[in-house]
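Asks: here you go, sequence then predicted model.
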Amino acid sequence: MDKINLQVIRECFGKVAYTHKTHEKDAEILSSRATKIKWTNIALTTLTSGTLISTIITNKATLGYISAVFSAVTLAFVIFQLSFNPEEAAEKHRQAAKELWYVRERYVNLIADIMSEQISEETIISRRNQLIEELKLIYKFAPITSSKAYKQAQEALKIREELTFSEDEIDQFLPVELRLKK
């Protein structure tokens, strides 16, 4: 068994697993932010419309001033919303996570092939280098992740063990004929 390449590939797998999970967490964070922004926009628009209608009905100058303030705040918020698009950023993180998931799974299969001694050293090196080139391209176009997402990914992987399954859990997903404990 090629222990040196196995160690290098295992290290790369770990990095890809973390990066994949970090992009997933950033997508979740940004999607949540986008939802909050939408609701804030709805609330501001409702307040602006309500005070404007109240001004027309009651003809009170104070409500006109309040309406003008809400209109200015709503306009500023819309400009802010157009400048920073968390939905688009979340989608970019989702796409990066999907691409990294595929590479991560290929690393798992490569590790299995190495450990079962099913492939030659030349094939190991070739597949390792191919995966590195694919990662280089993914990382080139992937958005930068946040430290908040990294911390959430770390917790998900280390504490909640989101990437691991017990043998019983895996058996539950498989048909009876493929289970370890039949």
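Replies: Good, I have the coordinates. Numbering: from 1, shown residues only.

Asks: by contact count, what packs against the lengthiest helix in the chain?
Replies: Of all the elements of type helix in the chain, the one with the most residues (DSSP state H) is helix 3-58. For helix 3-58, the packing partners by 3 or more C-beta pairs under 8 Å, 6 or more residues apart in numbering; DSSP states H and E come out as helix 61-83, helix 86-115, helix 121-141, helix 147-158. The way it works is simple: take the backbone N, C-alpha and C, and place the C-beta from them, glycine included.

Asks: quick one: it to helix 86-115, angle?
Replies: Orientation check (axes from the mean of the first three to the mean of the last three C-alpha atoms, to 10 degrees): helix 3-58 against helix 86-115 gives 160 degrees.

Asks: circling back to that earlier point, go through the helices and strands packed on helix 3-58 and find the least confident stretch.
Replies: In terms of average pLDDT, helix 61-83 trails the rest of the helices and strands packed on helix 3-58, at a mean of 87.

Asks: what lies in contact with it?
Replies: Where contact means C-beta atoms under 8 Å, 6 or more residues apart in numbering, the residues beyond helix 61-83 that reach it are 37, 40-41, 44-45, 47-48, 51-52, 54-55.

Asks: out of the residues you listed, flag the one nearest to Asp113.
Replies: Closest to Asp113 out of the contacts of helix 61-83 is Ile37 (46.3 Å), distances taken as C-beta to C-beta.
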